[in-house]
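Peer 1: predicted structure and sequence below. I'll ask about it afterward.
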Amino acid sequence: MKLVDMTLKEYLEVLRSNAPAPGGGSAAALEGAQSAALVSMVIGLTLGREKYKEFEEDLKKVEEKISRIYLELLNSIDLDTEAFNKVSAAYKMPKETEEEKSERSKAIRIANVGATEVPYHTVELCLEGLKVMTEMEGKFNTNAASDLGVAALGFLAGAKSAWLNVKINLPGIKDEVLKADFEKAINLVKEAEMIANNIYDKVEGGL
């Protein structure tokens, strides 16, 4: 069963078990997905209200963007666990002969790249979610302002958490050019931090 098809309690029970996956990578993606869901909620609480009628078209465009981000992050919850499982499977491959050792090493390299790509994309998606949120400034139902503040913090938590999962996998990346590209995720996290803190401060200051 996919993680996203579990009940909340079932997922948490698996997460709290001693199974190595799902782990931080899936949790990071879930954090981002929850934030995207909150943004959609705020938009839903704004559309149709006369007070915000002039912003409806803008908010509908934001909803399209955030819905795509939500679906991609939702997918990443399972993708991260699947990527980890591929790494584990690669390490369990036989290594008795030179050919087997070669195949095993190749499989490990490929699996490590996949296990790094997923959280890297989670960082990208969380940053994108924050950028989309900036398009809502002054256009949303202020009664739901605190929900946007929570969404901003959630996207930041998702980005920073996913970065840790990128970083821990970097030693397994043998291609130095590719490794350098993955390391750039920290710059995305810093950008996310600036945007999230700005949104949070504005929300908190307006309550």
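Peer 2: Thanks, I have the structure now.
Peer 1: from here on, just use CA atoms for contacts and neighbour counts.
Peer 2: Noted.
Peer 1: let me know the secondary structure of E96.
Peer 2: Using DSSP: H, G, I helix; E, B strand; the rest coil, the structure places E96 in coil.
Peer 1: and it, how far is that from I110?
Peer 2: 20 Å (CA to CA, to the nearest Å).
Peer 1: so which of the two has more stuff around it?
Peer 2: Between E96 and I110, counted using other CA atoms under 10 Å, the more crowded position is I110 (16 against 8).
Peer 1: next one: the helix or strand encompassing that one to chain centre, how far?
Peer 2: For I110, the host element (DSSP states H and E) is helix 98-134. How far helix 98-134 lies from its chain's middle: 12 Å, per CA atoms, centre = their mean, to the nearest Å.
Peer 1: packing partners of that helix?
Peer 2: helix 24-44, helix 56-91, helix 145-169, helix 176-183, helix 185-206 (3 or more CA pairs under 8 Å, 6 or more residues apart in numbering; DSSP states H and E).
Peer 1: what's the closest of those to L3?
Peer 2: helix 56-91 (6.0 Å; CA to CA).
Peer 1: give the buried residues for that closest one.
Peer 2: Neighbour counts over helix 56-91 (16 or more other CA atoms under 10 Å) mark 56, 59, 62-63, 65-67, 69-70, 72-87, 90 as buried.
Peer 1: counting contacts, what elements does it pack onto?
Peer 2: Counting by 3+ CA pairs under 8 Å, 6+ apart, the packing neighbours recorded for helix 56-91 are helix 24-44, helix 98-134.
Peer 1: point out the most buried one among those.
Peer 2: Greatest average neighbour count among the helices and strands packed on helix 56-91 goes to helix 24-44 (a mean of 26), per mean count of other CA atoms under 10 Å.
Peer 1: using PDB, write out every CA atom in that helix.
Peer 2: Provided in PDB are the C-alpha atoms of helix 24-44 (Å, rounded to 0.1, in the frame of the first residue of the first chain):
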ATOM      1  CA  GLY A  24      12.800  12.200   7.000                       C
ATOM      2  CA  GLY A  25      12.500  12.500   3.200                       C
ATOM      3  CA  SER A  26       8.900  11.400   3.100                       C
ATOM      4  CA  ALA A  27       8.100  13.500   6.200                       C
ATOM      5  CA  ALA A  28       9.700  16.600   4.400                       C
ATOM      6  CA  ALA A  29       7.500  16.000   1.400                       C
ATOM      7  CA  LEU A  30       4.400  15.600   3.600                       C
ATOM      8  CA  GLU A  31       5.300  18.900   5.300                       C
ATOM      9  CA  GLY A  32       5.300  20.700   2.000                       C
ATOM     10  CA  ALA A  33       2.100  19.000   0.800                       C
ATOM     11  CA  GLN A  34       0.300  20.100   4.000                       C
ATOM     12  CA  SER A  35       1.500  23.700   3.400                       C
ATOM     13  CA  ALA A  36       0.200  23.600  -0.200                       C
ATOM     14  CA  ALA A  37      -3.100  22.300   1.100                       C
ATOM     15  CA  LEU A  38      -3.300  25.100   3.500                       C
ATOM     16  CA  VAL A  39      -2.700  27.700   0.800                       C
ATOM     17  CA  SER A  40      -5.500  26.100  -1.300                       C
ATOM     18  CA  MET A  41      -7.800  26.300   1.800                       C
ATOM     19  CA  VAL A  42      -7.100  30.000   2.200                       C
ATOM     20  CA  ILE A  43      -7.900  30.600  -1.400                       C
ATOM     21  CA  GLY A  44     -11.100  28.600  -1.100                       C
END
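Peer 1: much appreciated, bye for now.
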